[in-house]
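Enquirer: Can you look at this prediction? I've put the sequence above it.
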Amino acid sequence: MQNHDESEHLAMLRDTLRRFIDKEMPRKLVRQWDRDIHFPRDVHDKLVALGLTGLTVAEEYGGTGRDITAMIVVIEELSSRSMSVASGYIQSACYAALNIAEVASEEQKRSLLPRVANEGLMVAYGFSEPDVGADIASVRTTARREGDTVIVNGSKRFCSGAAISEYIYAIVRTGPVEDRYHNLSILLIPPDAPGVTLESQETLGLKGGGTYDVSFNEVVIPAANIVGGDEGWNKGWPKVVGAGLDIEKIEVAAMALGIARAAIDDAWDYSQQRLQFGKPICTIQSIRHMLAEAKTRWEACRLMTYNAARLVDLQRPATVETSMAKLFVCDTARDIVLSCQQVMGAYGYVGDFDMERYVRDILVMPILGGSSAIQKNNIANRLKLPR
Ligand SMILES: Cc1cc2nc3c(=O)[nH]c(=O)nc-3n(C[C@H](O)[C@H](O)[C@H](O)COP(=O)(O)OP(=O)(O)OC[C@H]3O[C@@H](n4cnc5c(N)ncnc54)[C@H](O)[C@@H]3O)c2cc1C
């Protein structure tokens, strides 16, 4: 599908990515990565060499300057082929670069941001816990200070990419629960530090970098790993709910957009090759309608995602628009993929084709990064609908 209104630099970026994907991410290999829960670091390194992890890093820290719309193009394109590669890119260009740039100390920015741009440094999100889902402020993992160190105890759940990351970017309780939004801090915890245990969790989709239960047993890290430095101690909550949250919503929308586009393209081609009753199934009206509707809905998803990205790049308030994009795109993309699966009949359900993977991957999009219900709350609250 075309993106008629795209600026020249975005069109060139998209073109480069499509050629890169054809060469470095062939379908057969991508299926294997998914089966093996494999993160292809060599492909990630090549994305770094192309300068793509520098798209979210300011020039003074070794990047090319923050360009959120370009980042969304990269996520959409990579997600149209492989969530293993797309997830790694997000862990680097988004989780690491955007958070560190926004909430870390100057010293941390100087030490970590060039590594994102030049080495593709990745972090994994350690927000969820066995008893903590949407209500992140209720985390039970604790940390205490001892001199120049911090000692961490507790556990995190659904920590995607923990084993392939340099750090787990974890929110922990660092004082009494006097006020649930105070006494929280964000720490950078190396997953290979003594006392950290990773246990793989089986997921339906999003398999690339693996998803883990992580336990911390008297894990000692330097106090220098408190995000924001000493001033960040007990001041973690505003860092979690800052402008980065708006961007995270459209990162997830871009993943959904990429997966849905791949599903439409595959179903579109398949419908022309599959013959039944002596003619291609694309001549059957119900199939034509499913595909026409999928394309139409996808176009609405595209417009919402890129409009939200444009507002973020213009630094306009975009909390409502990013929530609307997250809600609409993820729910609609899920419906699109399921209808494309119907177009392919039984072949949408078997491992010889990519459609079954699209289905597994898309189902989590309305859950991640604030569920659809949470986005509806945000929209109604931000638009001041009286309770
Ligand atoms: C494959 C995968 C990868 C993940 N990766 C990570 C990761 O890397 N790091 C990380 O920290 N987490 C990760 N998660 C966790 C994900 O972010 C959580 O699933 C999400 O935060 C929601 O939490 P929950 O699933 O426990 O649902 P809960 O919060 O328990 O919610 C259950 C249901 O109640 C609804 N609900 C809850 N509260 C409200 C409310 N106030 N109003 C309306 N409805 C509500 C929800 O919408 C949902 O339908 C991952 C999850 C999966 C499946």
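Expert: Received the coordinates, thanks. Numbering: from 1, shown residues only.

Enquirer: Identify each buried residue in the helix or strand where Thr305 lies, please.
Expert: When secondary structure is defined using DSSP states H and E, the element that contains Thr305 is helix 285-313. When burial is assessed from 16 or more other CB atoms under 10 Å, helix 285-313 yields the following buried residues: 287, 290-291, 294, 297-298, 301-302, 304-309, 311-313. Yep, even glycine has a C-beta here, placed from its N, CA and C like the rest.

Enquirer: likewise stretch 200-217?
Expert: Within stretch 200-217, judged by 16+ other CB under 10 Å, the buried ones are Gly205, Leu206, Lys207, Gly208, Gly209, Gly210, Thr211, Tyr212, Asp213, Val214, Ser215, Phe216.

Enquirer: okay, that stretch in CSV with CA atoms only?
Expert: Coordinates of each C-alpha in stretch 200-217 appear next as CSV, following Å, rounded to 0.1, in the frame of the first residue of the first chain:
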residue,chain,number,x,y,z
SER,A,200,11.2,-18.1,30.4
GLN,A,201,7.4,-17.6,30.0
GLU,A,202,5.6,-19.3,27.2
THR,A,203,3.6,-16.8,25.1
LEU,A,204,1.2,-17.2,22.2
GLY,A,205,3.0,-14.6,20.1
LEU,A,206,5.7,-11.8,20.3
LYS,A,207,8.2,-14.5,20.7
GLY,A,208,11.5,-13.0,19.4
GLY,A,209,13.3,-11.7,22.4
GLY,A,210,11.6,-14.0,24.9
THR,A,211,9.4,-13.0,27.8
TYR,A,212,10.6,-13.7,31.3
ASP,A,213,9.7,-13.9,35.0
VAL,A,214,12.5,-12.2,36.7
SER,A,215,13.4,-12.6,40.4
PHE,A,216,15.7,-10.3,42.4
ASN,A,217,17.3,-11.8,45.5
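
Enquirer: ok, how many other residues are close to Asp192?
Expert: By the measure other CB atoms under 10 Å, the count of residues near Asp192 is 9.

Enquirer: Where does it fall, secondary structure wise?
Expert: Counting by DSSP H and E, Asp192 is found in no helix or strand.

Enquirer: gap between the two ends of stretch 19-38?
Expert: In stretch 19-38, first residue to last residue: 22 Å (CA to CA, to the nearest Å).

Enquirer: Please disregard the earlier target; I meant stretch 226-234.
Expert: 10 Å.

Enquirer: Now do it: everything it contacts.
Expert: Contacts of stretch 226-234 with the rest of the structure, by CB atoms under 8 Å, 6 or more residues apart in numbering, involve 99-100, 103-105, 107-108, 145, 150, 169, 174-175, 182-188, 223, 235-236, 239.

Enquirer: and with 7 Å instead?
Expert: Surrounding stretch 226-234, the residues in contact under the criterion CB atoms under 7 Å, 6 or more residues apart in numbering are 103-105, 107-108, 150, 174-175, 182-183, 185-188, 235, 239.

Enquirer: Also stretch 118-132?
Expert: With contacts defined as CB under 7 Å, 6+ apart, stretch 118-132 is touched by 44-45, 47-48, 53, 62, 88, 91-92, 95-96, 112, 115, 136, 138-141, 155-162, 164-171, 214.

Enquirer: In contact with Gly369: list those residues for me.
Expert: If a contact means CB under 7 Å, 6+ apart, then Gly369 has Glu248, Lys249, Val252, Lys326 as its contacts.

Enquirer: Can you narrow those residues down to the ones near the ligand?
Expert: Taking CB under 6 Å from any ligand atom, there is no overlap between those and the neighbourhood of the ligand.

Enquirer: Let me see the contact set for the residue nearest to Leu52 when sequence neighbours are not counted.
Expert: Across the structure, with CB to CB, 6 or more residues apart in numbering as the measure, the residue nearest Leu52 apart from its sequence neighbours is Val74 (5.5 Å). With contacts taken as CB under 7 Å, 6+ apart, Val74 has the following neighbours: Leu17, Leu52, Leu55, Tyr89.

Enquirer: Spell out which parts of the chain neighbour the ligand.
Expert: When proximity is defined as CB under 6 Å from any ligand atom, the chain approaches the ligand at 124-128, 133-134, 158-160, 203, 206, 211, 364, 367-368, 371, 373-374, 377.

Enquirer: Give me the subset of the contacts of Gly369 lying in helices.
Expert: Under the assignment DSSP state H, these contribute Glu248, Lys249, Val252, Lys326 to helices.

Enquirer: quick one, domains of the chain?
Expert: Domain assignment for the chain by automatic domain parsing gives 8-121, 125-234, 244-382.

Enquirer: Same list (those) but as CSV, adding mean pLDDT.
Expert: Shown next, in CSV, are the domains of the chain (pLDDT from 0 to 100):
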stretch, mean pLDDT
domain 8-121, 97
domain 125-234, 96
domain 244-382, 97
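
Enquirer: so Val152 sits in a strand?
Expert: Yes - assignment of Val152 by DSSP: H, G, I helix; E, B strand; the rest coil places it within a strand.

Enquirer: my guess is it meets Phe216, correct?
Expert: Yes - contact between Val152 and Phe216 holds when scored by CB atoms under 7 Å: they sit 4.4 Å apart.

Enquirer: Which neighbours do those two have in common?
Expert: The contact lists of Val152 and Phe216 share Thr141, where a contact means CB under 7 Å, 6+ apart.
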